[in-house]
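Asks: this is a predicted model, with the sequence first.
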Amino acid sequence: MHLMRRRPDVHGSGTPEWSPAYLLATLVVSAVVAMAVLAGLVLAVVGGLTEEPDEGNAARRAAAPAPDMSRQDALAAAPMPTADPHDALPGPVSNQAAGVLELPRATGVGPADVPTGFPRTPEGALAQLAAIDVTAMQSGSMDGVRRVIADWAAPSGPTPETWSGVDGMASLLSAAGLSGAGSPQLAIVVRPVMGLIKGTVGEDFAVVCVNFEFTVTVEQTARIAIADCQRMAWVGDRWVIGPGEEPAPAPSVWPGTEAAIAAGYRDLRYV
C-alpha cells in the first residue's frame, strides 16, 4: 500500500469543518442575498460552526484503523489534514509553487454522459473522479446526480440514496428554494483545480481527492471550494467509485492559497 506523506494539520484537530453539503448550502445562500449583507451572513454562518461536531463522526475519523481492516479500508479511513471553514472561501493566492499533477484527458464519453477512457493509473483515477463529480454537479438536479452515481459506482459502493454528491445537491437546491428538478435560473460551474493522490493498493485501487472551485449563480454569483475524496476501483475497462464507506474527508480550501498548499494539494494540469 502506498500512502501519501501527509503534512501537519493546517489547523488544530478541534477546528469545526464544513461538510460539502453544508458548503454548498452556504454558497447558494450567498448567491441569493444582496451583496451588502453577504459579509454579515458569512460571519453568522461561521459563528454557528462553533457548535460541537458530532462526537461519533469525530471519533471515527480520529480512531486508528482496526487490526482486521483491509489495506484498502485502512487507506480510506486514514485521517486527512483539517482546515478552518473560512479557508473554503476565496482568499489570497500564494506565491509558493504547489507542484503539479499531470492528468490524462478523456478519450470518450461513458454512461450518463461522463467523460471516460482514462488509463489504469492513479492519475487516471483522479481524472475519472473529477469527470464524475463535474458531470453530476453541473446537472443541477437530483435526477442528474442520481443517474451519474448509479452508473459510476461499483456494487456495495455509494448509491443514489447514500452518495455524498446526492446529499450535496439536495442541500444546494434546498438552500436555493428549488425543487429537485432544479431551475433554468440556476447555473453551476465546477472546475477541478487542485488534487492529490492519497495512496494506492496495487494497480486497481486508489484513494484520490479533488479540490473543486464551485461557481453558483442564482440572483448573484458566489464561489467556494469543495473537496471530494473517493475510493476508485478499476472494474472491467474503467475507473469507478469503489465499494465501501466513503473515505475520510479532505479539507475544502480555496485553490492556490497557502492553506491549500499546506494541505498537500497540487495543481491539476491536463496533458
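Replies: Good, I have the coordinates.
Asks: quick one: secondary structure of the residue nearest to residue 103 when sequence neighbours are not counted?
Replies: Closest residue to residue 103 apart from its sequence neighbours, by Cβ to Cβ, 6 or more residues apart in numbering: residue 127 at 4.3 Å. Just so you know, the C-beta spots here come from the backbone N, C-alpha and C atoms, and that holds for glycine as well. Secondary structure assignment for residue 127 (DSSP: H, G, I helix; E, B strand; the rest coil): helix.
Asks: pretty sure residue 127 is touching residue 116, no?
Replies: No: in this structure, residue 127 is not within contact of residue 116 by Cβ atoms under 8 Å, at 9.6 Å.
Asks: which one of the two has more residues nearby?
Replies: residue 127 (29 against 21; other Cβ atoms under 10 Å).
Asks: which stretches in the stretch 151-271 of the chain count as strands?
Replies: For the stretch 151-271 of the chain, applying DSSP state E, counting those that start in this stretch gives strands covering 187-200, 205-217, 221-235, 238-241, 266-270.
Asks: before we move on, the earlier item: hey, what's in contact with both of residue 127 and residue 116?
Replies: By Cβ atoms under 8 Å, 6 or more residues apart in numbering, residue 127 and residue 116 have these common neighbours: residue 106.
Asks: can you tell me how far the most centrally placed residue in the chain sits from residue 249?
Replies: Centrality entry for the chain: nearest residue to the mean C-alpha point is residue 228, 1.8 Å, by Cα atoms, centre = their mean. Relative to residue 249, residue 228 is positioned 8 Å away (Cβ to Cβ, to the nearest Å).
Asks: show the contacting residues for the residue nearest to the centre of the chain.
Replies: Here residue 228 is in contact with 20, 129, 133, 164-165, 209-210, 212, 250 (Cβ under 8 Å, 6+ apart).
Asks: quick one: it from residue 83, how far?
Replies: For residue 228, the distance to residue 83 - Cβ to Cβ - is 15 Å.
Asks: so where is the stretch 51-200 of the chain shaky, pLDDT-wise?
Replies: 51-69 (pLDDT under 70).
Asks: and the helices in the stretch 1-150 of the chain, which stretches?
Replies: 20-32, 35-48, 55-62, 71-77, 122-138, 142-152 (DSSP state H, counting those that start in this stretch).
Asks: identify each buried residue in the fourth one, please.
Replies: Using 16 or more other Cβ atoms under 10 Å as the burial criterion, the residues of helix 71-77 that qualify are 72-77.
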